[in-house]
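*Asks:* Structure for the following, please:
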Amino acid sequence: MEYFVMCQDPRMHNVAEPVGVNVNRLRHMAGHEINAFSVPTKLYVKKKGRIEYPDFIENPVMLLSEKLKGIMSKYQKDAVFEAVMLIEKETRRQETYYMISAPRIECASDETTYDSRGNIKELILDQEKVGHFRIFFACGNERQILVRLDVAESILRRDPYGVWFERIKVRSKGDE
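*Replies:* Coordinates of the predicted model:
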């Protein structure tokens, strides 16, 4: 099976950028502690000309559009989503996005390489450890969401704006 890292399109320049964000608090909210029934978090967007709102925002926290939330919730039933309202004060524009809490799994193969601090340099997935998961975070690499080929294809069929996929290497028993 093939897997991909879902990324924000690197060719986009004026992407909505929340300001005054307590990034650690939001990242914690995007963990296992997420409450799917809470009031949406409000984040103000940095003023910088005409702002683009892609279907996937990567930084300072990972945010998904309503379109991506709908697709991804069908493929990973145990994923939890937390609403976040992005607000442009000047134009009074408001856009709803979602943080995702997906399974975190130990899925790095023995061939994964690490830097001197123990951070993953190149992730190589172990197919057996990934198992049935379609959308997940690899333990030690929680800043990138990984999706299986069928999920990536489903997203691409719906003409997403600003979404990019990068293939991840996978090792299975047959590769030895």
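*Asks:* Now do V45, the pLDDT please.
*Replies:* For V45, the pLDDT comes out at 91.
*Asks:* need the strands for the chain, in chain order.
*Replies:* With DSSP state E as the criterion, the chain has strands at 3-8, 18-19, 41-45, 56-57, 63-64, 80-88, 93-101, 104-105, 113-114, 120-122, 124-126, 135-138, 141-148, 163-171.
*Asks:* In terms of secondary structure, what does the second one contact?
*Replies:* Contact analysis of strand 18-19 by 3 or more CB pairs under 8 Å, 6 or more residues apart in numbering; DSSP states H and E lists strand 41-45 as its packing neighbours. No exception for glycine: its C-beta is placed from N, CA and C like everyone else's.
*Asks:* Put the alpha carbons of stretch 128-144 into PDB.
*Replies:* Below are the C-alpha coordinates for stretch 128-144, written out as PDB (Å, rounded to 0.1, in the frame of the first residue of the first chain):
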ATOM      1  CA  GLU A 128       2.700  -4.200   9.300                       C
ATOM      2  CA  LYS A 129       2.800  -1.600  12.000                       C
ATOM      3  CA  VAL A 130       0.500   0.700  10.000                       C
ATOM      4  CA  GLY A 131      -2.100  -2.000   9.700                       C
ATOM      5  CA  HIS A 132      -5.600  -0.800   8.900                       C
ATOM      6  CA  PHE A 133      -5.100   2.900   9.500                       C
ATOM      7  CA  ARG A 134      -5.900   5.200   6.700                       C
ATOM      8  CA  ILE A 135      -5.300   8.600   8.400                       C
ATOM      9  CA  PHE A 136      -2.800   8.900  11.200                       C
ATOM     10  CA  PHE A 137       0.200  10.500  12.800                       C
ATOM     11  CA  ALA A 138       3.500   8.600  13.100                       C
ATOM     12  CA  CYS A 139       4.800   8.700  16.700                       C
ATOM     13  CA  GLY A 140       7.800  11.100  16.700                       C
ATOM     14  CA  ASN A 141       6.500  12.900  13.600                       C
ATOM     15  CA  GLU A 142       3.200  14.400  14.900                       C
ATOM     16  CA  ARG A 143       3.600  17.600  12.800                       C
ATOM     17  CA  GLN A 144       2.700  15.700   9.600                       C
END
